[in-house]
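**Student:** I would like to see how this sequence folds:
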Amino acid sequence: MFKRIYFFFFTYMAAMFFSQTLIVFWLSKNGFDFSHIIIFFVTSYIVALIGIFVLSKIKMNLKPTILLGVLLSALSVAVLIKIFSVYQLYFSAILTGFNVIFFWIPYNIMHFKFSNEDKRGLNSGIYFLATPIISMTLQPLAGLVAEKFGFETMFFIGIAMYLIPIFLIRFLPSFEIKLNIIKEFRENKFNWSTFFQGFASRVNWTLIPIFTLFFIKSPKAFGSFFGYLAIITAITSLFNAAISDKMKNRKVFFYLFTSIAVLSLVPLAFVENIYYWAIFAGITSMCMYLANPFWLAFNLDYYKEIGVEKTIILREVFLNAGYIVALLIAILIFCITSSTKISLLVVSLIACILPLASYLQGVYKNKNI
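**Tutor:** Next up is the predicted model:
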C-alpha cells in the first residue's frame, strides 16, 4: 500500500513542479514586483491557517478530499495562464491555500499512517527525496518548453499531467479525516521550534526563487538553475535520515543540521553575481534538505501521544504561522528600507533563532523521544 501511496505522490509532484516551477518568473514577467509576489505567498498561507480552524468540524473522506486538492492545484495554475488583473493573483493564492488543507494535510496523514513507525526518519527522507529527483529533469524541461514554445504551452502540459494522479486516486486507501485540533492546540504549548522551521524554510522555498530573478532573465536558465539545485540535494535527506533511524538518536542530527541550515541562509544577502548565488543557494538548498527530514520526524516524535493525524494538522498550523510572519517581516523591511537585500538579511538572521528556540522548548529533551 505504501508503494501505491508514494507513486501517486510522485506523479502529483511531477505535475506540480512542471506546471509551477516558473510561476514566480511568470509573475515577474507580467509586471508583478517583489511586494506583489510576497503578498501572493502570504495570502495562500493565511487562507491555509484560517481554513484549518474554520473547517475543523467537517469530516472529510480521503479520496474525494485529495481529488479536490489536486484539482485546486491545477486550477491555481490555470487562472494565471493569461493575466489580466491583480485579482487573478490573489484568487490563485486562495486556491493554493485551500490546496494545503485538501491535499497536503490528507496526503501527509496518509503517508505516515501507512509507514513504519520505527523508520520515521527514513520515511521522512523518502518523503523529501521526491522533490529533488523530479526537479532534476522536470524543472529544466519546463524552462526549455516555456522558452521554445511559450509559457501557455508549458502551463497546459503541466495541467494535463495532473490527469495521472487524478487517475491513481482510486488506488489509495479510504478513511475519514477531521481537522479538529482545537483541543490539542489549546492543551499543548506553542511549538516555537516548528514555527521557526516554517520561518527558516521560507528563505529556501520562497525568497531564493524570487531573488534568483535578479540574476537570471530567461525561463530556460531559471528552470535549469533549480534543476542544478536538485542535483546537489537528491541523496542527502534520505541518507542522513536512514542513519538516524539506525542510531536511534535523532537529537544530534536535529541540532547539527538545524544549525548548519539556518547559518547557511545569512551569506545569501551579500551575494552580488550569479556565480556566487549558484554556490551559496546550492549550499542552502543542500543544508535545508539535510534538516527537513529531521524537522518532520521531530514533530511525529514530539506529538506521538495524539496520533499521526492530529500531529500533521498541528504541524501545519505552526508551519504556516512561521511562513506568514517570515514573509510579512520581509515585506515590512522592504517597505522601510526599499532594499530587498536588507529584507533577506533580516529574515535570515531571525531564522538563526531556530536552534535556540528548539533547545529552550526542550526538543528531544523534555519528552521521552
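**Student:** I177 falls within a helix, correct?
**Tutor:** No. With DSSP: H, G, I helix; E, B strand; the rest coil as the criterion, I177 is assigned strand and is not in a helix.
**Student:** pretty sure it sits against G307.
**Tutor:** No. Applying CB atoms under 8 Å as the test, I177 and G307 come out as separate, 11.8 Å apart. To be clear about C-beta, it is placed using only N, CA and C from the backbone, and glycine gets the same treatment.
**Student:** the most centrally placed residue in the chain and G198: what is the separation?
**Tutor:** The centre of the chain sits closest to W205, judged by CA atoms, centre = their mean, with a distance of 6.4 Å. Look at W205 and G198: by CB to CB, to the nearest Å, they are 10 Å apart.
**Student:** do P209 as well
**Tutor:** Computed as CB to CB, the P209 to G198 distance reads 17 Å.
**Student:** same thing with A142?
**Tutor:** Taken as CB to CB, the spacing of A142 relative to G198 amounts to 26 Å.
**Student:** who has more neighbours, those two?
**Tutor:** Just comparing A142 and G198: by other CB atoms under 10 Å the higher neighbour count belongs to A142, 30 against 27.
**Student:** isn't the more buried one up against F18?
**Tutor:** Yes. With the criterion set as CB under 8 Å, A142 and F18 qualify as a contacting pair; they are 5.0 Å apart.
**Student:** now the common contact residues for those two.
**Tutor:** Shared contacts of A142 and F18 (CB atoms under 8 Å, 6 or more residues apart in numbering): 154, 158.
**Student:** so where's the stretch 151-300 of the chain uncertain?
**Tutor:** Along the stretch 151-300 of the chain, segments meeting pLDDT under 70 span 235-249.
**Student:** for it, what spans make up the helices?
**Tutor:** 151-161, 163-168, 182-187, 192-202, 208-212, 219-231, 236-247, 250-263, 274-302 (DSSP state H, counting those that start in this stretch).
**Student:** return the distance of the first one from the chain's centre.
**Tutor:** Put simply, helix 151-161 sits 22 Å off its chain's centre (CA atoms, centre = their mean, to the nearest Å).
**Student:** in it, what's buried?
**Tutor:** By neighbour count with 16 or more other CB atoms under 10 Å, helix 151-161 contains the buried residues 151, 154-159, 161.
**Student:** for that helix, name the packing helices and strands.
**Tutor:** With contacts taken as 3 or more CB pairs under 8 Å, 6 or more residues apart in numbering; DSSP states H and E, helix 151-161 sits against helix 2-20, helix 62-78, helix 120-149.
**Student:** I'd like to check the angle between it and helix 62-78, please.
**Tutor:** 170 degrees (axes from the mean of the first three to the mean of the last three CA atoms, to 10 degrees).
**Student:** mind listing residues that contact helix 151-161?
**Tutor:** Under the criterion CB under 8 Å, 6+ apart, residues 11, 14-15, 18-20, 22, 26, 29, 74, 77-78, 80-82, 142, 145-146, 219 lie in contact with helix 151-161.
**Student:** much appreciated, bye for now.
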